[in-house]
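S.K.: Sequence first, predicted coordinates after that:
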Amino acid sequence: MSKIILITGGQRSGKSSHAERLALSLSDNPVYVATAHVWDEEFRERVRRHQERRGPQWTNIEEEKYLSRHDLTGRVAVIDCVTLWLTNFFFENQDVDKTLQAVKEEFDRFTARDATYIFVTNEIGSGGVSVDAVQRRFTDLQGWMNQYIASRADEVILMVSGIPFRP
């Protein structure tokens with residue numbers, strides 16, 4: 001039976017570190033699914049440093065969009081992060097409704113397999129309303145997807161200044 005944990009919070013709130021510690025407490029060999037698109041050499045180096053920091057006990061998967069390509073049955077996986085994953089879909093057409101539908105379907109395909117999924121996401125709407133229309137649409141998309149994942153999650157953790165809060 002699958003288990004879904006959503007870890008949310010602001011930028012640099014400790015979400016990823018908490019997700020990694022949680023995964024290691026549940027498995028000796030967890031999976032780290034990185035959803036970032038590597039834009040340039042500086043970012044490529046950042047990815048390399050993160051992989052090195054996690055160490056050899058982690059299985060690292062780089063997947064920008066189609067998480068369901070990877071069968072993680074029986075594994076514990078950190079998916080970091082929903083915001084970057086959504087970005088990869090959203091910038092194809094910037095249509096919130098189409099993107100939300102596509103990402104919900106991909107989420108459902110991915111989490112249909114029995115595994116423990118620890119999703120890391122951002123509360124980007126907590127920082128105020130953007131003056132940019134595209135950013136407002138993306139913020140709406142992010143909020144709706146966070147709600148969708150939370151509605152299916154067995155546990156939701158809000159990170160604030162490195163401290164986990166469970167509703």
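M.R.: Sure thing, it's come through.

S.K.: in the helix or strand containing Leu84, what counts as buried?
M.R.: Leu84 is located in helix 82-93, with elements delineated by DSSP states H and E. Residues Val82, Thr83, Leu84, Trp85, Leu86, Thr87, Asn88, Phe89, Phe90 are the ones in helix 82-93 that count as buried (16 or more other C-beta atoms under 10 Å). Placement of C-beta: from N, CA and C, glycine included.

S.K.: Over to stretch 90-104?
M.R.: Phe90, Val96, Thr99, Leu100, Ala102, Val103.

S.K.: May I ask you to confirm that the third one is in contact with Leu86?
M.R.: Yes: shown here, Thr99 and Leu86 form a contact pair, counting by C-beta atoms under 8 Å, at 7.1 Å.

S.K.: Identify the contacts common to those two.
M.R.: Common contacts of Thr99 and Leu86, defined by C-beta atoms under 8 Å, 6 or more residues apart in numbering, comprise Leu141.

S.K.: picking up where we left off before, which of the buried residues of stretch 90-104 fall within strands?
M.R.: Among those, no member falls in strands (DSSP state E).

S.K.: and the gap between the residue nearest the centre of the chain and Arg136?
M.R.: Nearest to the mean C-alpha position of the chain, counting by C-alpha atoms, centre = their mean, stands Cys81 at 2.6 Å. Cys81 sits 20 Å away from Arg136, going by C-beta to C-beta, to the nearest Å.
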